[in-house]
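[1] Pasting the sequence and the predicted coordinates here, then a few questions.
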Amino acid sequence: MLLQNFQPHNVLITGGAGFIGANFIHYLLKHNKTVNLYNLDCLTYAGSKDYLMDLPESQRHYFIQGNICDAALVIAILQRYHIDTIVHFAAESHVDRSISGPAPFIQTNVVGTFTLLEAAKQYWQVEKKWQENHCRFHHISTDEVFGTLKKEDEPFSEKTPYAPNSPYSASKAGSDHLVRAYWHTYRLPMTISNCSNNYGPFQHPEKFIPTIIRACSTGQPIPIYGDGSNIRDWLYVEDHCAAILTILEHGQVGETYTIGGNTELSNLALATKICGLMDQYVPQKQPHHTFIQFVSDRLGHDWRYAINHTKITETLGWQPRHSIESGLRKTLDYYLPMPFSQNI
Ligand code: NAD
């Protein structure tokens, strides 16, 4: 397989104090021994510098507290640190919050992405006059931009039309379209990835899997939306990080890649699986699954997401390495040794 090669040197990571961004920083410092990372994060409720403790080779990581919507700050960072690569994670990311208050989603996800694209165009193309192979903008997106699937539908792929259903997914779809347009119009060298649900260390307590683990370990009811039949595909976060690095180094400029874990599970099946593991890790008098409690469904709740990742597998050689069991065990190893009040 003949692959393109791009070598990042000075990388701006946005949202690197959040769940996936922090995991990516750990992963990149471990797997690339020369790259310098500049982590721009404004530390919303979802970000924490605690996730960046114990970094391998931390002298190659620089934290900058600031907002991606601050155009003057973003261009100053590109110029000062000679940024040749942007990996853009920063986003408002929780669907429930987008339903109760969509404004920050439009601001960060749409306006923030636009601000980064404008700064990259100005610095790379106007000031440096770099060619396509000297710089790269990788945009992290979600499978939620494709809307919802019925049971019999084919999984999402790069060819699936966009049909976002929540303010969150609509704002992510808007940002994807902007990134694509900057390639089509200005030839700003970009790649996009649309990934399914991630799980693993550093995830915010409000998300589904940390909520189940916390409820299990404190003997609280385990809340499941509706009847628990909604289906998601799950990917261990380290496998997502490996996919992002693969795209960055070998992906085709102007292309989109869908990324998934081959693990379609209903919310009820996933919760039951975690309860089974918790029965081994933290045995209680009653099996943990007896604490499952169905709660009112989320408004406009998408029924099923699934991913066909043939393109990245066949063209770049990436595939998920963790099964749901091995990924969940690593996740529990992270959350369980420490007191829950600190961790989740
Ligand atoms: P997260 O909410 O855990 O982290 C987001 C980070 O961005 C936080 O550290 C926050 O402080 C920072 N941030 C938010 N607004 C900012 C702003 N205006 N300026 C600077 N920093 C800002 O999110 P996550 O789960 O790590 O998701 C990262 C990216 O991956 C998002 O773009 C999301 O859409 C995408 N994604 C997530 C999943 C998932 O399962 N979590 C799946 C597919 C795609």
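    That came through, no problem. Numbering: from 1, shown residues only.
[2] ok, now which ones touch the residue lying closest to Ile106 once chain neighbours are set aside?
    Closest residue in space to Ile106, ignoring its immediate chain neighbours: Ser171 at 5.5 Å, by CB to CB, 6 or more residues apart in numbering. To be clear about C-beta, it is placed using only N, CA and C from the backbone, and glycine gets the same treatment. For Ser171, the contact set (CB atoms under 8 Å, 6 or more residues apart in numbering) comprises 91-92, 98, 102, 105-106, 109-110.
[3] Put the buried members of those into a PyMOL selection.
    Per 16 or more other CB atoms under 10 Å, the buried members of those correspond to this PyMOL selection:
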select buried, resi 91+92+98+102+105+106+109+110
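[4] For the contacts of Ser171, which two are the farthest from each other?
    Using CB to CB, the pair of the contacts of Ser171 lying farthest apart is Ala91 and Pro102, separated by 13.0 Å.
[5] Can you list the buried residues in stretch 285-293?
    Buried residues in stretch 285-293, counted by 16+ other CB under 10 Å: 288-289, 291-292.
[6] C-alpha coordinates for it, PDB please?
    Output in PDB follows, covering the C-alpha atoms of stretch 285-293 (Å, rounded to 0.1, in the frame of the first residue of the first chain):
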ATOM      1  CA  LYS A 285     -25.300  -7.800  47.900                       C
ATOM      2  CA  GLN A 286     -27.500  -7.400  44.800                       C
ATOM      3  CA  PRO A 287     -26.300  -7.700  41.200                       C
ATOM      4  CA  HIS A 288     -25.600  -4.100  39.800                       C
ATOM      5  CA  HIS A 289     -28.100  -4.500  36.900                       C
ATOM      6  CA  THR A 290     -31.000  -4.600  39.400                       C
ATOM      7  CA  PHE A 291     -30.300  -0.800  39.900                       C
ATOM      8  CA  ILE A 292     -31.100   0.100  36.300                       C
ATOM      9  CA  GLN A 293     -33.900   2.600  36.100                       C
END
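[7] Tell me the secondary structure at Gln203.
    Using DSSP: H, G, I helix; E, B strand; the rest coil, the structure places Gln203 in coil.
[8] what's the nearest residue to Ile64 if we skip its chain neighbours?
    Nearest non-adjacent residue to Ile64, counting by CB to CB, 6+ apart: Leu40, 5.0 Å away.
[9] Let's see which of the contacts of Ser171 end up in helices.
    In helices, defined here by DSSP state H, the members of the contacts of Ser171 are 98, 105.
[10] The ligand next: which of the contacts of Ser171 are close?
    Counting by CB under 6 Å from any ligand atom, 91-92 from those sit close to the ligand.
[11] Up against the ligand, what does the protein have?
    14-15, 17-21, 40-44, 46-47, 67-69, 89-93, 108, 112, 140, 142, 172, 195, 197-198, 204.
[12] From Asp96, how far out is Ser296?
    12 Å (CB to CB, to the nearest Å).
[13] Kindly apply the preceding question to Leu268 instead.
    19 Å.
[14] In terms of neighbours, single out the busier of these two.
    Neighbour count, other CB atoms under 10 Å: between Leu268 and Asp96, Leu268 has more, with 19 against 14.
[15] hang on, that one is in a helix, isn't it?
    Yes. Using three-state DSSP, the assignment for Leu268 is a helix.
[16] from memory it sits against Ile224, does it?
    Yes. In this structure, Leu268 is within contact of Ile224 by CB atoms under 8 Å, at 6.0 Å.
[17] who touches both of these two?
    Ile292.
[18] nearest residue to the residue in the stretch 201-344 of the chain that the ligand sits nearest to other than its sequence neighbours?
    In the stretch 201-344 of the chain, no residue comes nearer to the ligand than His204, which is 5.3 Å away by CB to the nearest ligand atom. Spatially, and ignoring its direct neighbours in sequence, His204 is nearest to Ala46 (5.0 Å; CB to CB, 6+ apart).
[19] same question, Leu188
    Nearest one to Leu188, counting by CB to CB, 6+ apart, is Tyr182 at 4.1 Å.
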